[in-house]
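Asker: Structural data only, the sequence is not supplied:
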């Protein structure tokens, strides 16, 4: 790929729809600086199609764009804008399969219980594209996420609503105090390059290979741990009883997308524990029919009609639902509970939303209520309890005055990709998981029981070294204190702390405040400071990076989609991420019903400016720097004039927000004086856009209110989406003149 090329990713849901509107603007403006913008399809449907070429007609086959980008991120010239994508659970995989099959793509059905080598191969290929399949491939650098100054100032001038808190709130977090991943973790740092083998050894000495050979590097941190099934079941049963006794909603908060192997299994344990009588009586029948609680109640309910006892099973579910504590709801109008699908309640988005809403979730009547939030593993659950306690004492945070908590996150080269990869297993029988090196020496030995969840994880040395450097640079540039959120009593963190102390000594930290604290201590300090209007840099591992870059932005800005997310790639390139996509499904549903897209592309605008600046610094392209500078000013004006999508029909939506950005960007380019030729070109465009503004807005508003046929949810028809997302013929003509 050329040094003067930006790769823009085609992903899923609302961000993908928005791309059809925004990308033509970006391409037309970038072309004036000699910069090309190409599209790379890493959508869930695209990933599925790319992995099954042997099932498709030649004309239906597509390149494996994700694999190509995996090579691109290793190049010093890499410049990639990455939009939010679906991290698919198995129910979502099955849904995209059904849609593709209905469109004439002969991809195979997902085999829940493979019976032969062909089916096992199909399942492996689908698991390759499920869960957090994209991020580990692209993130060849660590994360620098923060609220840009213009966005922060706007949020302070126009604070979003925050629910009131009271001292008598009964909302709490529950986590295990033993038998979980945290308690059972062991960790070591490899002394030399090696290969590891993972096997399950039964009581009679028979060994079954689980994984190997697994390459490891000198200095690499390797962990192993287990979640004990018996302890998990006892814990969940106790929390169900607690929620009922305390009269609060019961909710479980997992991450069944990123942690695509471990967390759906834990979700299944929760479903079983909530309906013990039903599974005791009918569990075998449901299992024989392929109805797996790991996939949630929705999948089970959908399959009951085909069972002879289907009505009796549904009645049993309903009876236990009535007997148990009230369940938190995802959509009370549609009867969708917290247990309907593992991907409906993702902890990093659901917990901040609950905290913002007075510590409440919604009950079956659509009313807010106090909640017991169940986060089984103790590794990070405690941070949320600290926030809840703080809100009980001091009330809700004030977006108009609160400080900010940017994040420097360790994630390069799949660092700390817990529970989402080929080193996580549900144990089929009692025994010992033994991890040995190439010499046959035992590195780890962990006793396990049937149903336990075993996982291993790797964190290479180079990303840790880079993470420390990025932290020092960010602390020096901002002048804010930085805190490494690490717990010396956790096995993995102890290894990381040793490295952090070593690598901090390689830098001049004179005048900088850089500390190491447990996550609970660190969040307490950070909360105290942001209430005083002060800023604190959080320096965390991969999972906490995910949690905090939703938690603090949702409190500060109302959404994490407005964060600037830069990934300086280790080999010199740049990856620019555009925010979170947690509300994207609801946006698509509204668009299909009303031809109105609420998705806010501010994250894309911020990423674009950083991408142009990175390209300019690397290539010396002065016009690319002009595009960056003027886009930044246009974004500031966009915020000041409140051109973000409204919430209801009759206001501008995502498409209108793009057009206003184009108007302001053209105006800023016309006013710049360093490049008269470029200014003259955009003076004419700016004038034409201004003269036709009312016509363009009228054309946008005219299409609102009617259903839209996209031709598919996961794999929509490109022509239909283009027509729907570019409804202003006047604007399209002006943009075409520029192109």
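Answerer: The structure has been received and is ready for your questions. This structure is a prediction, so every number in the text was calculated from the model and none was measured. Numbering: from 1, shown residues only.

Asker: alpha carbons only for contacts and neighbour counts from here, please
Answerer: OK.

Asker: What is the neighbour count of residue 31?
Answerer: As a burial measure, residue 31 scores 14 neighbours (other CA atoms under 10 Å).

Asker: ok now do it, which residues does it touch?
Answerer: By CA atoms under 8 Å, 6 or more residues apart in numbering, residue 31 lies in contact with residue 739.

Asker: likewise residue 678?
Answerer: Residue 678 neighbours (CA under 8 Å, 6+ apart): 32, 669-670.

Asker: make it 10 Å
Answerer: Neighbour list for residue 678: 32-33, 623, 626, 669-672 [criterion: CA atoms under 10 Å, 6 or more residues apart in numbering].

Asker: Looking at those residues, which are in helices?
Answerer: In helices, judged by DSSP state H, the following of these are found: 623, 626, 669-671.

Asker: Please produce TSV containing these, extended by pLDDT.
Answerer: TSV is the format used below for the ones in helices among the contacts of residue 678 (pLDDT from 0 to 100):
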residue	pLDDT
623	97
626	97
669	98
670	97
671	96
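
Asker: most neighbours, which of those residues?
Answerer: residue 669 (27 neighbours).

Asker: my read: it touches residue 625, true?
Answerer: No: Residue 669 is beyond contact range of residue 625, at 11.3 Å (criterion: CA atoms under 10 Å).

Asker: what sits in contact with each of these two?
Answerer: Taking CA under 10 Å, 6+ apart as the criterion, residue 669 and residue 625 both touch residue 631.

Asker: Do you have the helices of the stretch 601-739 of the chain handy? List them.
Answerer: 602-619, 622-640, 654-671, 676-691, 693-702, 718-725, 729-738 (DSSP state H, counting those that start in this stretch).

Asker: does residue 39 count as helix, strand or coil?
Answerer: Following DSSP: H, G, I helix; E, B strand; the rest coil, residue 39 is assigned to strand.

Asker: In this structure it contacts residue 26, no?
Answerer: No: applying CA under 10 Å as the test, residue 39 and residue 26 come out as separate, 11.5 Å apart.

Asker: Same drill for those two, tell me which one is more crowded.
Answerer: Counted by other CA under 10 Å, residue 39 and residue 26 do not tie: residue 26 has more neighbours, with 19 against 15.

Asker: In which helix or strand does that one reside?
Answerer: Following DSSP states H and E, one finds residue 26 within helix 13-31.

Asker: can you give me the offset of that helix from its chain's centre?
Answerer: Chain-centre distance of helix 13-31: 21 Å, with CA atoms, centre = their mean, to the nearest Å.

Asker: Buried residues, stretch 423-431. List them.
Answerer: Within stretch 423-431, the residues that qualify as buried are 423-427, 430-431, counting by 16 or more other CA atoms under 10 Å.

Asker: ditto for stretch 49-60
Answerer: For stretch 49-60, by 16+ other CA under 10 Å, it's 49-53, 56.

Asker: Centre of the chain to it, how far?
Answerer: Relative to its chain's centre, stretch 49-60 lies at 28 Å (CA atoms, centre = their mean).

Asker: picking that back up, of the helices of the stretch 601-739 of the chain, which stretch is the most buried?
Answerer: helix 654-671 (a mean of 24; mean count of other CA atoms under 10 Å).

Asker: is it true that residue 271 touches residue 296?
Answerer: Yes: here residue 271 reaches residue 296: they are 7.1 Å apart, a contact under CA under 10 Å.

Asker: Mind listing the shared neighbours of those two?
Answerer: Common contact partners of residue 271 and residue 296 (CA under 10 Å, 6+ apart): 338-340.

Asker: quick one: which of those residues has the most company?
Answerer: For those, the largest number of neighbours (other CA under 10 Å) sits with residue 339, at 27 neighbours.

Asker: measure it to residue 326 for me?
Answerer: According to CA to CA, to the nearest Å, residue 339 stands 12 Å off from residue 326.

Asker: which residues do those two both contact?
Answerer: Residues touching both residue 339 and residue 326 (CA under 10 Å, 6+ apart) are 250-251.

Asker: beta partners of residue 189?
Answerer: Taking DSSP bridges as the rule, residue 189 bridges to residue 221.

Asker: What is the neighbour count of it?
Answerer: Residue 189: 21 neighbours (other CA under 10 Å).

Asker: about what we covered before: would you turn the buried residues of stretch 423-431 into JSON lines with pLDDT, distance to residue 185 and secondary structure?
Answerer: Output for the buried residues of stretch 423-431, formatted as JSON lines (pLDDT from 0 to 100; distance: CA to CA, whole Å; DSSP: H, G, I helix; E, B strand; the rest coil):
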{"residue": "423", "pLDDT": "90", "distance to residue 185": "14", "secondary structure": "coil"}
{"residue": "424", "pLDDT": "93", "distance to residue 185": "14", "secondary structure": "strand"}
{"residue": "425", "pLDDT": "94", "distance to residue 185": "15", "secondary structure": "strand"}
{"residue": "426", "pLDDT": "96", "distance to residue 185": "16", "secondary structure": "strand"}
{"residue": "427", "pLDDT": "97", "distance to residue 185": "16", "secondary structure": "coil"}
{"residue": "430", "pLDDT": "97", "distance to residue 185": "19", "secondary structure": "coil"}
{"residue": "431", "pLDDT": "98", "distance to residue 185": "17", "secondary structure": "strand"}
